[in-house]
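Asks: Need coordinates for the following:
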Amino acid sequence: MKLKRMRVGLGVIIFIAMMGGTLGWFAWKKHDAAGTNPQQPLMKVESVAQVKERYDAIVIGTDPEGITAAVSAARNGLKVLLVDGRDREILGGLMTLGWLNTLDLNYAPQQPAIPGKHNFLNKGIFQEWYDQIEGTSFDTHTAANVFYKMVRSEPNIDLLMKAKEIKPLVQAGRAGNEIAGVTIVSSNNTSHSVYAKTVIDATQDGDIAAMAGAPFTTGRQDIADPDSQMAVTLVFKLGGITPKVWESFGKHPNTGSDKMSAWGFPEMKEYVSTNKERVRMRGLNIGRQNDNTILINAMQIFGVDPLNPESVREGIEIGKKEAEHVVSYMKNNFSEFKQVELLGTAPELYVRETRHMQGEYRLSMADLMENRDYWDAIAYGSYEVDIQSTHYKDPGSVMMKPKQYGVPFRSLVPLKVDGLLVVGRAASFDSLPHGSARVIPLGMATGEAAGAAAKIAIDQGMTFRQLSQSKDGIAALRDKLIQQKVELMLYSFDKPAYTLHKSYRGLKAAVSMAVTLGGYDNTNWDLEGKSNPQRFVSHMANVRKVHPAQFQGEATLAIRHMPNPAALPLTLDQAALTLATATGLKSTREEAVADLVQRGWLKMDTVKQISDPDQLTNGESYMLIRDVVENAVGVKYE
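Replies: Residues are numbered from 1 along each chain as shown. Sure thing, here's the model as predicted:
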C-alpha cells in the first residue's frame with residue numbers, strides 16, 4: 001500500500017512537472033506573441049564629483065567589456081576608476097550607442113530542451129546582465145540602464161564620463177614600459193594625473209596599449225594583408241513595428257525569429273547600392289525594441305579607417321544617405337516592410353576590427369579547430385568564425401564553427417608593457433580567430449577575468465606578466481572567477497569528424513592561411529572531394545599572399561598550356577610542378593616531385609599516403625601545401 005501511494009505520488013509529481021513544463025512553454029509562446037514591455041526612460045548617468053589621485057585599478061572604456069572589468073574589480077574590493085573617453089551620455093558603447101542590440105552568443109555544446117532557455121559559455125557578470133534584459137536582442141534603453149545600475153551599485157567605482165583625452169603614464173619597467181596610471185583631460189579642460197596599481201584597456205581599439213608601446217598588428221597584417229579589415233556597419237532604426245508586423249518576419253522564406261530577434265531576408269543582397277564601392281547590403285539581422293521599433297544590422301560600409309575620426313565621420317554620412325535608399329527598397333520589395341518608416345541611424349559605427357595586440361599568447365585558428373582548452377583559460381568561446389567582407393567584391397565567409405575553445409589569460413597580457421591588460425576584441429587574437437573571439441559576451445568574460453586578475457596581482461605583489469606565468473597565481477584567479485559564478489570547464493563532446501581525417505594536419509595549415517573554409521557545419525572543406533589544377537593554383541595564390549618572400553614564382557605558369565584546368569584531375573606531378581613553380585624552382589613536370597623531396601620540402605610519407613597519384617583529393621592537396629610551407633618556409637600551423 002505504501003509503495004502504491006509512493007507510485008501515485010510520483011505520478012502526480014511527474015504530471016505536475018510535465019504540466020508545468022507545458023504551461024511554461026505556452027506562457028513563453030504567449031509572451032512571444034504578445035510583444036514587448038514598455039520602453040524604460042534612460043537613467044541620467046552621473047560622473048564622480050572629484051577624481052582621486054590614486055586607485056587600485058583604472059579601467060578605460062565604457063563598452064560592455066570595460067563595465068564588466070570595473071564591476072569585477074570593485075566586487076573584489078579594489079578602488080576603481082572607470083573612464084569614458086568618447087563623449088558619451090550613457091554606458092554600453094557598441095550595444096547602446098552603436099545600436100548593436102542583437103547578441104552574437106557563445107552557446108555551450110549542451111543546451112536545455114525548454115524553448116527559449118539557453119546555456120551560455122559566458123556566465124558570471126554577463127549572465128547577470130543578460131538575465132535583466134529582454135532576450136537574444138534587447139532594448140538599448142534597458143541595456144544602458146542595467147549597465148548603469150550595476151556600476152552605480154558598486155561603491156568602489158568612481159565613474160568619469162566625457163574625458164576629452166586619456167593618455168597612459170609610462171615609465172621604464174623591468175621588462176620594458178610600465179604603466180603607472182593615466183593623464184586625463186576632463187570635460188572642463190582640467191588636466192590631472194591619476195595613478196593606479198593596475199590599468200585595464202577596454203577601449204574598442206586597444207588605444208591605451210598602443211600609446212604605451214605594446215606591439216600589435218592591424219587588420220589582416222598577420223596574414224600579409226594589412227590593408228584589409230572587416231567592413232563597418234551603420235545600424236538603422238525602423239518604426240511602425242506592430243506585433244503583427246513582427247510576427248510576419250518569421251513567416252518570410254529562409255527567415256527565422258524568436259521573441260526579440262529575427263534573421264534572414266537573404267534577398268537583401270540583391271539591393272543595388274547607390275555607392276557600390278563603399279556600401280553593400282547583406283541579409284538582415286533584426287533586433288526588436290520596446291517602442292515598436294527595430295534596429296537593423298545589415299549595412300556594410302567599406303574603406304573606413306576606424307582609427308581616423310574624419311574617416312569615421314565620412315563613413316557615417318555615407319551610411320545615412322544610403323539608409324534612405326535601402327528602406328525605400330525594403331518597402332517596395334517586401335510586404336512585411338510596406339508600412340515601416342526610417343527613424344534614424346546609430347550615433348556610433350559598429351566597428352569589427354582594427355588593432356590586434358600581440359600578447360604572451362596569440363589565439364590561433366588551430367586553437368579553434370582543435371577546440372583546445374588551456375591551463376590558464378579564463379573564458380570560453382564557441383561562436384562561428386565570421387569573417388565579414390573587406391571590400392564590395394568580397395562576399396565574406398564563415399571559416400568554421402568550433403564547439404568550444406578556451407581563451408588563455410596570457411592573451412590579455414600585451415608584450416613589452418607591464419601593469420596593463422587588454423580586454424575585448426583588441427586582445428591578442430590572430431585576425432582569423434578574432435572573427436569568433438570578437439563577440440561581446442566573450443569580451444565581457446575577458447573583462448571579468450581582468451578585474452579579478454587585478455586583485456590577484458596586487459595581493460600577490462606580482463605583475464600581470466608574472467601572474468600569466470604562475471601556475472599558483474592562475475589557479476587562484478580561476479578559483480576566484482568560479483566563485484563569481486563563471487563556468488570554467490570544457491564540456492564533453494565527440495571530436496569533430498574533420499580532426500580524425502588523415503589530411504587534418506594539412507587542413508589546419510590551409511585554414512590558417514585562409515586557403516579554404518568550412519562554413520557553418522564544417523563540411524565545405526570537402527576533404528575527400530576531387531581537386532583540379534585550377535583550384536590548386538588558386539590555393540597557391542592565397543599561400544603567396546601570406547608568405548610572399550618564399551613564394552615569388554608565378555603558380556599560374558604551371559597551367560598555362562592547359563585548355564580547361566578546372567575540368568582536369570589534379571595529379572601528383574601537376575601539384576608538384578605548381579608548388580615548384582610557385583617557389584621559383586625551374587623543375588619540369590617529371591622532375592618536380594623528386595626536386596621537392598630532395599630539398600626536404602616534400603616528405604615521402606606525405607607522398608606515400610596519396611591514394612591515387614592521378615587524382616588528388618582536396619585533403620591531399622592541403623597536405624602537400626602544409627609540407628612545403630613547413631619545410632621551405634619554416635612555419636608550422638599547429
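Asks: quick one: Met281 and Ser273, what's the gap?
Replies: Computed as Cβ to Cβ, to the nearest Å, the Met281 to Ser273 distance reads 7 Å. In this view, the C-beta of every residue, glycine as well, is placed from N, C-alpha and C.
Asks: Which of those two has more residues huddled nearby?
Replies: More neighbours surround Met281 than the other of Met281 and Ser273, with 22 against 17 (other Cβ atoms under 10 Å).
Asks: Do I have it right that the more buried one meets Phe265?
Replies: No - Met281 is beyond contact range of Phe265, at 9.6 Å (criterion: Cβ atoms under 8 Å).
Asks: Low-confidence ranges, the protein, go.
Replies: Across the chain, the ranges flagged by pLDDT under 70 are 1-35, 175.
Asks: Centre-most residue in it?
Replies: Central residue of the chain (Cα atoms, centre = their mean): Arg438, 2.2 Å from the mean position.
Asks: Tell me who's in contact with that residue.
Replies: 352-353, 424-425, 429 (Cβ atoms under 8 Å, 6 or more residues apart in numbering).
Asks: 6 Å instead?
Replies: Arg425 (Cβ atoms under 6 Å, 6 or more residues apart in numbering).
Asks: Same question for Glu360.
Replies: Going by Cβ under 6 Å, 6+ apart, the list of residues near Glu360 reads 410, 413, 468.
Asks: Pull the number of nearby residues for the residue lying closest to it once chain neighbours are set aside.
Replies: The shortest distance from Glu360 to any residue other than its chain neighbours is 3.7 Å, reached at Arg410 (Cβ to Cβ, 6 or more residues apart in numbering). Neighbours of Arg410 under the rule other Cβ under 10 Å: 22.
Asks: so what does the strand or helix carrying Glu314 touch, helix or strand wise?
Replies: For Glu314, the element it lies in under DSSP states H and E is helix 309-333. Packing contacts for helix 309-333, counted by 3 or more Cβ pairs under 6 Å, 6 or more residues apart in numbering; DSSP states H and E, involve strand 293-301, strand 341-345.
Asks: so which of those strands comes closest to Arg88?
Replies: Proximity to Arg88 (Cβ to Cβ) singles out strand 341-345 among these, at 16.7 Å.
Asks: Quick check: which helices or strands does that closest one pack against?
Replies: strand 236-239, helix 309-333.
Asks: Of all the ones you listed, which one is nearest Glu134?
Replies: strand 236-239 (16.3 Å).
Asks: buried ones in that closest one?
Replies: 236-238 (16 or more other Cβ atoms under 10 Å).
Asks: Tell me the gap between it and the middle of its chain.
Replies: A distance of 25 Å separates the centroid of the chain from that of strand 236-239, by Cα atoms, centre = their mean, to the nearest Å.
Asks: what's the following helix or strand after it?
Replies: In N-to-C order, the element after strand 236-239 by DSSP H and E is helix 243-249.
Asks: I'd say Glu178 and Gly419 touch.
Replies: Yes - applying Cβ atoms under 6 Å, one finds Glu178 in contact with Gly419, separated by 5.1 Å.
Asks: okay, these two: which has more neighbours?
Replies: The neighbour count for Glu178 versus Gly419, taken as other Cβ under 10 Å, is higher for Gly419 (24 against 19).
Asks: Start and end of stretch 227-236, how far apart?
Replies: 27 Å (Cα to Cα, to the nearest Å).
Asks: quick one: the helices in the stretch 1-150 of the chain?
Replies: 2-34, 64-75, 124-130, 140-152 (DSSP state H, counting those that start in this stretch).
Asks: Which neighbouring elements make contact with the last one?
Replies: Looking back up the chat, that one is helix 140-152. Secondary elements touching helix 140-152 (3+ Cβ pairs under 6 Å, 6+ apart): none.
Asks: try 10 Å this time
Replies: helix 64-75, helix 124-130, strand 157-160 (3 or more Cβ pairs under 10 Å, 6 or more residues apart in numbering; DSSP states H and E).
Asks: Which one of the ones you listed lies nearest to Phe536?
Replies: Using Cβ to Cβ, those put helix 64-75 closest to Phe536, at 42.2 Å.
Asks: Distance from the chain centre to that closest one, please.
Replies: Distance, stretch centre to chain centre, for helix 64-75: 20 Å (Cα atoms, centre = their mean).
Asks: is it true that Val235 touches Ala298?
Replies: Yes - here Val235 reaches Ala298: they are 8.5 Å apart, a contact under Cβ atoms under 10 Å.
Asks: And those two? Which one has more around it.
Replies: Val235 (28 against 22).
Asks: Do a quick rundown of the strands in the stretch 101-250 of the chain.
Replies: Along the stretch 101-250 of the chain, the segments classed as strands by DSSP state E, counting those that start in this stretch run 157-160, 165-173, 176-185, 191-201, 216-218, 232-233, 236-239.
Asks: Could you export the ones you listed as CSV, including distance to Lys636?
Replies: As requested, the strands of the stretch 101-250 of the chain are exported to CSV (distance: least, Cβ to Cβ, whole Å):
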stretch, distance to Lys636
strand 157-160, 45
strand 165-173, 32
strand 176-185, 27
strand 191-201, 31
strand 216-218, 19
strand 232-233, 34
strand 236-239, 45
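Asks: And those strands: which comes nearest Ala69?
Replies: strand 191-201 (4.8 Å).
Asks: hmm, back to that, please identify the most buried of the strands of the stretch 101-250 of the chain.
Replies: strand 232-233 (a mean of 26; mean count of other Cβ atoms under 10 Å).
Asks: hmm, who's touching that strand?
Replies: Strand 232-233 is contacted from outside by 98-100, 282, 285, 296-306, 311-312, 315-316, 319, 346, 349-354, 388, using Cβ atoms under 10 Å, 6 or more residues apart in numbering.
Asks: Mind checking which of the residues you listed are buried?
Replies: 98-100, 282, 285, 296-306, 312, 315-316, 319, 346, 349-354, 388.
Asks: Next one: the nearest residue to Gly315 once chain neighbours are set aside from Gly93, what distance?
Replies: Excluding the flanking residues, the one nearest Gly315 by Cβ to Cβ, 6+ apart is Val304, at 3.8 Å. To Gly93, Val304 is 18 Å away according to Cβ to Cβ.
Asks: from memory Gly98 sits against Gly287, does it?
Replies: No - the pair Gly98 / Gly287 is not scored as a contact, 11.7 Å apart, by Cβ under 10 Å.
Asks: Give the intersection of the neighbour lists for those two.
Replies: Residues touching both Gly98 and Gly287 by Cβ under 10 Å, 6+ apart: 140, 235, 295, 297.
Asks: Neighbours of Ser257, how many?
Replies: Ser257 has 20 nearby residues by other Cβ under 10 Å.
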